[in-house]
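Visitor: I need the structure of the sequence given here:
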Amino acid sequence: MTLLRLFPQGPTDSETALRMLAAHAIPGAEEADIPGRTYTRLLPHTGAPVRVTVTFTEDHVAVDLPDEIPDPDGLAVPIRRWLDLDSDTTRIADALAADPMIRPLVEHRPGIRLIGYPDEFEAVTATVVGQQVSLAAARTFMGRLVAAYGTPAAGLKALPAPQDLAVIPDAELKAAIGLTGARTRTLRAVAQKWADGFTLAHLTADEARRALLALPGIGPWTADYLTVRALQHPDTFAPGDLVARRALGSVTADQARTLGPLHDRDLSGFIR
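Guide: Here you go, the predicted model:
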């Protein structure tokens, strides 16, 4: 095996990062071992998906790669972006600590990073499949999708490519995954959009949000969530999220979107 050692910029809450990856892990596509501090999946790479195992240590992330892959260092950049290793968490904490209500959150959970997805289409697919269902149900649906149409490699399966997913008839896709008819149509519309070459890369958060809302079956929560998880935009959040709205004083989504200073808000619900 080839080992890459990737050092983050600033402190990192590696346990939270691993637990987040584990909580969203797709059966058959991802494997998480929290006691062993490892997470394994296939990553897109030149020619074919590559199996990687990420180990979270106290001061860096170790990535095991197969010896035979060409240019293993070429995977360092996408992995660093996926795990948000280049964000300066010390600088972020100093800036957020200027707010008296945000400061205790940062002090309680230092080193939180904005974990994204290694593939944009995967992010959109997982979010669409997970609309209005529990995380456990979303993982089940994604596991069925991968089992039925995924690309096998090194003992795991990779998510089907958009061009492959786009040509599957709605009835077949619905039966294989167990989605509603409306959700199936949204998934196919997303696959067709990305198969045609669309990408969120290089769009601003507002541009990406408008493009996503133009797709059938994608509403404000999904679009906002994807600006966070797919774009990894540091100045966005999902105002329609129920937990966020409760923590902001049980406000509406519109109120959460337009809130100014939070000095008079009880944000204790964010401390977990």
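Visitor: Neighbours of the residue lying closest to T180 once chain neighbours are set aside, how many?
Guide: Spatial nearest neighbour of T180, chain neighbours left out: K174 (7.7 Å); criterion: Cβ to Cβ, 6 or more residues apart in numbering. Where you see a C-beta, it was placed from the backbone N, CA and C, and this is true even at glycine. The tally of other residues near K174 (other Cβ atoms under 10 Å) stands at 18.
Visitor: For K174, give me its contacts.
Guide: 180-181, 184 (Cβ atoms under 8 Å, 6 or more residues apart in numbering).
Visitor: phi, psi of it?
Guide: Main-chain dihedrals, K174, degrees, to the nearest 10: phi -60, psi -40.
Visitor: Could you report the pLDDT at it?
Guide: Looking at K174, its pLDDT reads 96.
Visitor: From Q192, how far off is it?
Guide: 16 Å (Cβ to Cβ, to the nearest Å).
Visitor: Neighbours of I92, how many?
Guide: Using other Cβ under 10 Å, I92 has 19 other residues around it.
Visitor: Begin at 30, not 1, for the rest of this chat.
Guide: Renumbered: residue one is now 30, and that last one reads I121.
Visitor: Against A237, how distant is it?
Guide: Counting by Cβ to Cβ, the gap from I121 to A237 is 22 Å.
Visitor: What of P95?
Guide: 34 Å.
Visitor: higher neighbour count, the two?
Guide: A237 (21 against 13).
Visitor: Surely the more buried one is in contact with Y254?
Guide: No: the pair A237 / Y254 is not scored as a contact, 11.5 Å apart, by Cβ atoms under 8 Å.
Visitor: Need the residues touching each of these two.
Guide: Common neighbours of A237 and Y254 (Cβ under 8 Å, 6+ apart) do not exist.
Visitor: same for the worst-scoring helix or strand of the chain on mean pLDDT, what does it pack against?
Guide: For the chain, counting by mean pLDDT, DSSP states H and E, helix 271-276 ranks last in confidence among helices and strands (a mean of 78). Judged by 3 or more Cβ pairs under 8 Å, 6 or more residues apart in numbering; DSSP states H and E, the packing partners of helix 271-276 are helix 282-287.
Visitor: for the helix it packs on, the distance to its chain's centre please.
Guide: Distance of helix 282-287 from its chain centroid, counting by Cα atoms, centre = their mean, to the nearest Å, is 23 Å.
Visitor: Ok, stretch 32-41 next?
Guide: 19 Å.
Visitor: ends of that stretch, how far apart?
Guide: Terminal residues of stretch 32-41 lie 20 Å apart, using Cα to Cα, to the nearest Å.
Visitor: Okay, strands next: where are they in the chain?
Guide: 31-35, 59-62, 67-72, 79-85, 90-94, 180-182, 185-187 (DSSP state E).
Visitor: what would the ones you listed look like in a markdown table with mean neighbour count, mean pLDDT and distance to D100?
Guide: Output for those, formatted as a markdown table (neighbours: other Cβ atoms under 10 Å; pLDDT from 0 to 100; distance: least, Cβ to Cβ, whole Å):
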| stretch | mean neighbour count | mean pLDDT | distance to D100 |
| --- | --- | --- | --- |
| strand 31-35 | 14 | 93 | 11 |
| strand 59-62 | 17 | 98 | 24 |
| strand 67-72 | 20 | 97 | 13 |
| strand 79-85 | 20 | 96 | 11 |
| strand 90-94 | 19 | 96 | 10 |
| strand 180-182 | 14 | 95 | 18 |
| strand 185-187 | 22 | 97 | 19 |
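Visitor: Make CSV from these and add distance to H53 to it.
Guide: Listed next are these as CSV, based on distance: least, Cβ to Cβ, whole Å:
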stretch, distance to H53
strand 31-35, 21
strand 59-62, 8
strand 67-72, 10
strand 79-85, 14
strand 90-94, 18
strand 180-182, 20
strand 185-187, 15
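Visitor: and of those, who's closest to S43?
Guide: strand 79-85 (3.7 Å; Cβ to Cβ).
Visitor: tell me the contacts of the closest residue to L194 other than its chain neighbours?
Guide: Leaving out its chain neighbours, the residue that sits closest to L194 by Cβ to Cβ, 6+ apart is A220, at 3.9 Å. Going by Cβ under 8 Å, 6+ apart, A220 touches 150, 154, 191-192, 194-195.
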